[in-house]
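[1] Below: sequence and its predicted model.
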Amino acid sequence: MTTAPASRIGQRLRVRTAHAPDVDLLGRLPAPTGALSWVRGGSGLVGWGEAARFETSGPDRFAAADRWWRAFTADLDVDDELGVPGSGPVAFASMAFDDHPGHSVLVVPEVVVGRRDGRAWVTTIGDHEPRGTTPVRGPSRVRYADGELSVTAYREAVRAAVGRMRAGELDKVVLAHDLLAVADVEIDHRFLLRGLARRYPGCWVYAVDGLVGATPELLLRRTGRVVDSRVLAGTTWPRDGASDEELAAALLSSPKDREEHGYAVASLVEALRPFCSTLSVDGPSVLRLPNVSHLSSDVVGRLGGTPSLLALGAALHPTAAVGGTPRAGAVRVIRELEGLDRGRYAGPVGWIDANGDGELGIALRCARVEGRTARLFAGCGLVAGSDPDTEVREAHAKMRPVREALEGR
Ligand SMILES: C=C(O[C@@H]1C=C(C(=O)O)C=C[C@H]1O)C(=O)O
């Protein structure tokens, strides 16, 4: 489905990017809903309004989105003072995890505010009315209820998956479950974004079409011919009686976590290598966040040609950080054992520009927000040596960022 404004018909849509005074990006978002965000440590992009939107689903969703974006950007009247990645026309993207069900969406905002390396800019796309900013409000009470997959059912699903891996059916699978949070007032997406940005400055704080979160994992960034990725898999979390150093050392030397991590890196590298003339992996090291620590590897490559970020995303998704190994078998096991509509959770999320550059993270540590309700998701990578009770605790730790941001803690 596509929508474009009336001003588009018979004339080219005007896009203007101009330098702007330095800004607090999240502070610019005018309204409680409709926020578009991809911000890390104060840099990135925010947007609002809808100059155009494209929705799609199914196995060809990346190709369909890529085609639509090329056609859309081919027919614009662009005046870009900066000419850097993220200036000029930009779409925020959020792709479904699975082929079915689930919809994927590209939103082209009316206004984009960007900031990088101390430079800020504003892009306007089409006609738009300047809007006043409403105050940001948090809920005073949040209640929780089981989602589609309760904790008890999740533990059973993990147990079943471990059994199938011990029987040799597959090597790794990532199973997730959900949790419903109901607030006493409509949830202001900006309240969540600000809370997440304050506690997780090293994560990408994102919002696209009601999916709001803070992900530490970068599926792929394309800047011209350079691509880079941050692969995470293998997790520990703070617990009584263990220092951060002890936990990090135990994680680095844990065979189970290194096995999980190895599958995730291999899946990314195998899918990316055909596009690259050079490719290198640095890791794993330990990435420490307030709620969890992960084994983390950085991958950097040089592209042989100029495939767009969406075309690359089609080849990479889902990596074994959120799917499993082998990929197709793992996705089948996820459908069968989770029985959950992941929607856009664990799918690629981020932004793209008219040159095919951009950043796609993996939509983790997030909630689908609708009115007073937020549906939180978290998953864990499983191998034959995984323990169901430990995985339940790990999923709980991964839900902390959104829970605490919702509760204003
Ligand atoms: C699936 C999630 O996280 C992924 C799974 C991890 C693991 O199992 O160790 C670590 C980071 C992510 O790649 C999630 O947060 O929901």
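    Right, received. Where do you want to start?
[2] Now for Arg365: which residues touch it?
    Leu196, Tyr200, Cys203, Gly213, Ala214, Thr215, Pro216, Ala378, Lys398, Met399, Pro401, Val402 (CB atoms under 8 Å, 6 or more residues apart in numbering). In short, each C-beta sits where N, CA and C put it, glycine included.
[3] go with 6 Å
    Gly213, Ala214, Thr215, Pro401 (CB atoms under 6 Å, 6 or more residues apart in numbering).
[4] One more: Val151?
    Val151 neighbours (CB under 6 Å, 6+ apart): Val392.
[5] Could you do Leu406 as well?
    Contacts for Leu406 (CB under 6 Å, 6+ apart) come out as Val142, Ala181.
[6] again with Val269
    Per CB under 6 Å, 6+ apart, neighbours of Val269: none.
[7] quick check, it in a strand?
    No. Membership of Val269 in a strand is not supported by DSSP: H, G, I helix; E, B strand; the rest coil, which gives helix.
[8] any chance you could map the helices in this protein?
    61-74, 151-166, 189-199, 244-252, 255-272, 309-316, 327-338, 388-407 (DSSP state H).
[9] just to revisit the earlier point, output the contacts of Arg365 as CSV; include the columns distance to the ligand, neighbour count and pLDDT.
    Shown next, in CSV, are those (distance: CB to the nearest ligand atom, whole Å; neighbours: other CB atoms under 10 Å; pLDDT from 0 to 100):
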residue, distance to the ligand, neighbour count, pLDDT
Gly213, 9, 30, 99
Ala214, 10, 27, 98
Thr215, 8, 26, 99
Pro401, 9, 30, 98
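[10] and the two most separated of these?
    Farthest apart among these by CB to CB are Thr215 and Pro401. That separation is 9.6 Å.
[11] Including distance to Glu110, could the helices of the chain go into CSV?
    Below are the helices of the chain laid out as CSV (distance: least, CB to CB, whole Å):
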stretch, distance to Glu110
helix 61-74, 14
helix 151-166, 41
helix 189-199, 17
helix 244-252, 44
helix 255-272, 34
helix 309-316, 22
helix 327-338, 36
helix 388-407, 26
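[12] Which one, of those, ends up nearest to Trp351?
    Of the helices of the chain, nearest to Trp351 by CB to CB is helix 309-316, at 9.0 Å.
[13] Could you check the pLDDT of the residue nearest the centre of the chain?
    In the chain, the residue lying closest to the centroid (CA atoms, centre = their mean) is Ala363, at 2.5 Å. Note on Ala363: pLDDT of 99.
[14] so what's it up against?
    Here Ala363 is in contact with Arg344, Tyr345, Gly347, Val349 (criterion: CB under 6 Å, 6+ apart).
[15] and of those residues, the nearest to Val331?
    For the contacts of Ala363, the nearest to Val331 is Gly347 (12.4 Å; CB to CB).
[16] and that closest one, what does it touch?
    So Gly347 contacts Met95, Ala96, Phe97, Ala363 (CB under 6 Å, 6+ apart).
[17] shaky segments in the stretch 1-150 of the chain?
    The stretch 1-150 of the chain contains residues with pLDDT under 70 at 1-10.
[18] Spell out the residue ranges of the strands in it.
    2-3, 13-20, 36-40, 43-48, 52-56, 76-80, 90-94, 104-108, 111-116, 119-125, 142-146 (DSSP state E, counting those that start in this stretch).
[19] what does the last one rub up against?
    Contacts of strand 142-146 with the rest of the structure, by CB under 6 Å, 6+ apart, involve Leu180, Ala181, Val182, Ala183, Leu406, Glu407.
[20] Endpoints of stretch 87-97, how far apart?
    Stretch 87-97 has an end-to-end distance of 28 Å (criterion: CA to CA, to the nearest Å).
[21] That one vs the ligand: in contact?
    No. Remark: stretch 87-97 sits outside contact range of the ligand, by CB under 6 Å from any ligand atom, the gap being at least 10.3 Å.
[22] For that stretch, what is the distance to the chain centroid?
    Counting by CA atoms, centre = their mean, to the nearest Å, stretch 87-97 is centred 11 Å from the centre of its parent chain.
[23] Distance check, Phe275 against Leu303.
    For Phe275, the distance to Leu303 (CB to CB, to the nearest Å) stands at 6 Å.
[24] circling back: in JSON lines, list the contacts of Ala363 along with pLDDT.
    Below are the contacts of Ala363 laid out as JSON lines (pLDDT from 0 to 100):
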{"residue": "Arg344", "pLDDT": "98"}
{"residue": "Tyr345", "pLDDT": "98"}
{"residue": "Gly347", "pLDDT": "98"}
{"residue": "Val349", "pLDDT": "99"}
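[25] could you list every residue that touches Val286?
    Each residue near Val286 by CB under 6 Å, 6+ apart is listed here: Ala248, Leu251, Ser293.
[26] how does it look with 10 Å?
    By CB atoms under 10 Å, 6 or more residues apart in numbering, Val286 lies in contact with 234, 236, 244-245, 247-249, 251-252, 293-296.
[27] Which residues of the stretch 51-200 of the chain lie near the ligand?
    So far as CB under 6 Å from any ligand atom goes, the stretch 51-200 of the chain lies against the ligand at Val174, Ala176.
[28] returning to that earlier point: out of the contacts of strand 142-146, flag the one nearest to His19.
    Nearest to His19 among the contacts of strand 142-146 is Leu406, at 36.0 Å by CB to CB.
[29] Report how many residues lie close to the residue in the stretch 1-150 of the chain that the ligand sits nearest to.
    Taking CB to the nearest ligand atom as the measure, the stretch 1-150 of the chain has Phe97 as its residue closest to the ligand, at 10.3 Å. Residues near Phe97, counting by other CB atoms under 10 Å, number 26.
[30] shared neighbours, Phe275 and Leu303?
    Common neighbours of Phe275 and Leu303 (criterion: CB under 10 Å, 6+ apart): Arg222, Val227, Leu312.
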